[in-house]
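> everything below, folded, please.
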Amino acid sequence: MVFSAFLEADRRRQNRNRDRAFKALQVVISFLWKLIVIVNSPPPVNEGVTLPSLAARISDDLFRSGYAPLRLVTVLASGCVVTLSGRVPTFYLKQIAQHRAIRFPDVLLVDNQIIVD
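Just a heads-up that it's a prediction; the model follows:
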């Protein structure tokens, strides 16, 4: 009786671990699929319409965030990778800047090099 309860608990633990590993694998596959789609997709055709660069759009979003220190953050974009640099007074503002940058659909990776004073 005790041994069968032990086996049942062990089986449940193995199932939970397998489910967690499966969910993590789904996240990785989803990220890689997005990366493949972006790399292989043709550039958008702009018929005479000039769109602001990704870095300019993120800088504008940080400027309009309502947090004055985020106005001084420098944004560089290279493809799907965005680099944030500068200085902010709190770790919270560093997280806010990263969150506001990653929510753009063109961004796959944010290299957050902001220094907290």
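> domain ranges for this protein?
Residue ranges for each domain of the chain read 1-45, 54-116, as given by automatic domain parsing.
> skipping adjacent residues, who's closest to the residue most central in space within the chain in space?
When the chain is reduced to its mean C-alpha position, the closest residue under Cα atoms, centre = their mean turns out to be residue 102, at 4.4 Å. Of all residues not flanking residue 102 in the chain, residue 110 sits nearest, at 5.0 Å (Cβ to Cβ, 6 or more residues apart in numbering). In short, each C-beta sits where N, CA and C put it, glycine included.
> which residues of this protein score low on pLDDT?
Low-confidence regions of the chain, defined by pLDDT under 70, span residues 1-3, 41-51.
> name the single longest helix found in it.
If you go by DSSP state H, the chain has its longest helix at helix 2-40.
> how about it: buried residues?
For helix 2-40, burial by neighbour count (16 or more other Cβ atoms under 10 Å) applies to no residue.
> next helix or strand past it?
helix 54-63 (DSSP states H and E).
> buried sites along that next one?
By neighbour count, and taking 16+ other Cβ under 10 Å as the criterion, the buried residues in helix 54-63 are 54, 55, 57, 58, 59, 61, 62.
> residues contacting the second one?
Read that as residue 55. With Cβ atoms under 8 Å, 6 or more residues apart in numbering as the criterion, the residues that contact residue 55 are 75, 76, 77, 82.
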